[in-house]
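S.K.: for reference, the sequence and a predicted model appear below.
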Amino acid sequence: MSALRALYRAGRAARVRCNGYNSAHALARHSTTTSSAHPQPATLWDSQLPQIMSGRLWWGFATGLLGIVAVSVPGVAVNGNEKLEPEALKELAADLNSTSNADRERAASMLSGLTVYLEHHDALYTAGIFPALIRAVLNANNVPQVRVIALGSTADLLKDDRAKTAAIEDERFIPTLLQALQAQGKWATGPEEGGLARAHAARALAELCAEPGLHKLLDNSGAVSVLAHHTAELAALSKEQPETKAYSSLSELPGNMVERHSVEDERFSAAAVFGLSSSDQGVQALLKAGPEMIRGIGEWATSNDPILQRYGVGALARTAISSPPAFAAVKNAGCVEKLVAALNSNDPQAQCFAAGTVGRLISIGGDPAEAVIESGAAPQLLAMLSSQSNGSTDAASLERSPAVKRGVHRCALRGLLNSMPNEQFRRHLQRSDAVTLLQGFLQLCNSGADAENVRLAKSCLEAIQEQLAAANT
């Protein structure tokens, strides 16, 4: 095993011996873990809705939240700055498809410590690692541990567009992902591996769904239909057992590995659905899957898990503004109220998704505007200002940085301003004493740090005061 020796000499190899290999190390490496330095989302809130709803922009942030750049087992992963030896990588690729089961297990374990680093992806791809991983995943004769670990590494590398292209060129790949997602075939020797296989399959699908150009293929291959059924099942289970889905922060995860894999499965399934909602083709595929899909997304939008909530609200938002039939489907599923309720979410990104969408729907007028307004959009948008500026005692609010608070304020103010031309909305604002609240908000704002928010708040206030003056003449 010269590949192993090369990495051992570098001092970075997995500390696993030939006779003492424990696949749980590599399996655990791919569990969702958290990093102490998540990407700062504040810049998202400085963008207009089309940018906020961009799959690329959100997906880059969300993958950080989901802990994809973290490693859970010390000593298994090579440092992200380590220079990899091409010949050693090529030998690992060969070992992954060796006739020796022990060689395959060791190669899969070691590669799982490399693929987690984005810095290594180009070298790994150039060395032929990805085709070797695909062969390992597709080989039903491999022991489940090898297939599961290889599937996790495959999902890592699917961030590379070349890998996406290579994966879908093999017509067996997507059906194999769907088998793993549904726990079909030889994917587990026990509940831990089976749960992790589903989580890896969901993560791989999420990477594919993040590319709008693949949505037609995913729909035609049956992936959306399977994902819809899976989504409905997961959302129903979450609704039945809300106490198991109560997380106080983005970093909290259950300690039990089987339960953790279930959480990851649901989070990445939600990410896949969110990705599909970024294109007309994807939205149509979601709608075609039936009302259970929209209802499942709605359950995520009100989840106690902040990551599920973000994806759920984001997918509902994208779907609702995509077309009149899509809005009707959201409304018929009882999800307009959930979208408006997200304005009062403890999660700032979910609030901003909701605020941008509410403003857009009200500006459209007609049934979308009436439905959103009657669901309480006006007082909820104003509450986004008052809860953050009046010293809320809510734990999630207290944890927010000044930049995040300013971002939430900006989302609320833009939502208000976009909705101002609607007379029905302005009447609801007057009932909520919007003038007094906006005046108080302006007094609390630091005009230097919040110049844009001050401008937006003044524009909102002027629009309301002009309407009041016109009504009194």
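M.R.: Happy to help now that I have it. Numbers count the residues shown, from 1 in each chain.

S.K.: so what's the residue count around the closest residue to residue 122 other than its chain neighbours?
M.R.: Leaving aside its sequence neighbours, residue 122 sits nearest to residue 160 (CB to CB, 6 or more residues apart in numbering; 7.7 Å). C-beta: built from backbone N, CA, C; applies to glycine. The number of residues packed near residue 160 is 17, by other CB atoms under 10 Å.

S.K.: again, but for the one 5 residues further on
M.R.: Neighbour count of residue 165, defined by other CB under 10 Å: 11.

S.K.: hang on, the earlier thing: quick one: the residue nearest to residue 122 and residue 129 touch, right?
M.R.: No. Using CB atoms under 8 Å, residue 160 is not in contact with residue 129; the gap is 10.8 Å.

S.K.: ok so, going back, phi, psi for the residue nearest to residue 122 please.
M.R.: Phi and psi for residue 160, reported as degrees, to the nearest 10, are phi -80, psi 130.

S.K.: okay, now the unreliable bits of the stretch 151-300 of the chain?
M.R.: Residue ranges of the stretch 151-300 of the chain with pLDDT under 70: 185-186, 188-193, 241-258.

S.K.: now the helices for it?
M.R.: Listed in chain order, the helices of the stretch 151-300 of the chain (DSSP state H, counting those that start in this stretch) span residues 161-169, 173-181, 191-209, 215-220, 223-240, 257-276, 280-288, 291-301.

S.K.: just for the stretch 1-150 of the chain, where's the confidence low?
M.R.: Using pLDDT under 70, the stretch 1-150 of the chain drops low at 1-82.

S.K.: picking up where we left off before, make CSV out of the helices of the stretch 151-300 of the chain and add distance to residue 461.
M.R.: Output for the helices of the stretch 151-300 of the chain, formatted as CSV (distance: least, CB to CB, whole Å):
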stretch, distance to residue 461
helix 161-169, 47
helix 173-181, 51
helix 191-209, 42
helix 215-220, 43
helix 223-240, 41
helix 257-276, 35
helix 280-288, 36
helix 291-301, 31
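
S.K.: so which of the ones you listed is nearest residue 433?
M.R.: helix 291-301 (28.3 Å; CB to CB).

S.K.: residues of the helix or strand hosting residue 408 that come out buried?
M.R.: Using DSSP states H and E, residue 408 maps to helix 402-419. By 16 or more other CB atoms under 10 Å, the buried positions in helix 402-419 come out as 404-419.

S.K.: other SSEs contacting it?
M.R.: helix 348-364, helix 377-389, helix 451-472 (3 or more CB pairs under 8 Å, 6 or more residues apart in numbering; DSSP states H and E).

S.K.: most tightly surrounded among those helices?
M.R.: Of all the helices and strands packed on helix 402-419, helix 348-364 carries the top mean neighbour count, a mean of 27, counting by mean count of other CB atoms under 10 Å.

S.K.: burial of the residue lying closest to residue 159 once chain neighbours are set aside, as a residue count?
M.R.: Spatial nearest neighbour of residue 159, excluding adjacent residues (CB to CB, 6+ apart): residue 207 at 6.2 Å. By other CB under 10 Å, the residues close to residue 207 number 26.

S.K.: break the protein into its domains for me.
M.R.: Here the domain assignment for the chain is 1-32+55-210, 359-473, based on automatic domain parsing.

S.K.: of all those, which lies closest to residue 313?
M.R.: Proximity to residue 313 (CB to CB) singles out domain 1-32+55-210 among the domains of the chain, at 11.3 Å.

S.K.: so how far is stretch 104-119 off the chain centroid?
M.R.: 24 Å (CA atoms, centre = their mean, to the nearest Å).

S.K.: gap between the two ends of that stretch?
M.R.: End-to-end distance of stretch 104-119 (CA to CA, to the nearest Å): 24 Å.

S.K.: before we move on, back to that, so who does the residue nearest to residue 122 touch?
M.R.: The neighbourhood of residue 160, defined by CB atoms under 8 Å, 6 or more residues apart in numbering, consists of 121, 122, 125, 130.

S.K.: Throw the residues you listed into TSV and include secondary structure, distance to residue 452 and neighbour count, thanks.
M.R.: Shown next, in TSV, are these (DSSP: H, G, I helix; E, B strand; the rest coil; distance: CB to CB, whole Å; neighbours: other CB atoms under 10 Å):
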residue	secondary structure	distance to residue 452	neighbour count
121	helix	37	21
122	helix	39	12
125	helix	42	17
130	helix	44	24
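
S.K.: among these, which two are most distant?
M.R.: Distance extremes for those: the farthest pair is 122 and 130 at 11.1 Å, using CB to CB.

S.K.: right, and the residue nearest to residue 159 touches residue 167 too?
M.R.: No. In this structure, residue 207 is not within contact of residue 167 by CB under 8 Å, at 9.2 Å.

S.K.: mutual contacts of these two, please.
M.R.: Here residue 207 and residue 167 share the contacting residues residue 158, scored by CB under 8 Å, 6+ apart.

S.K.: picking up where we left off before, let me see the contact set for the residue nearest to residue 159.
M.R.: By CB under 8 Å, 6+ apart, the contact list for residue 207 reads 155, 158, 159, 164.
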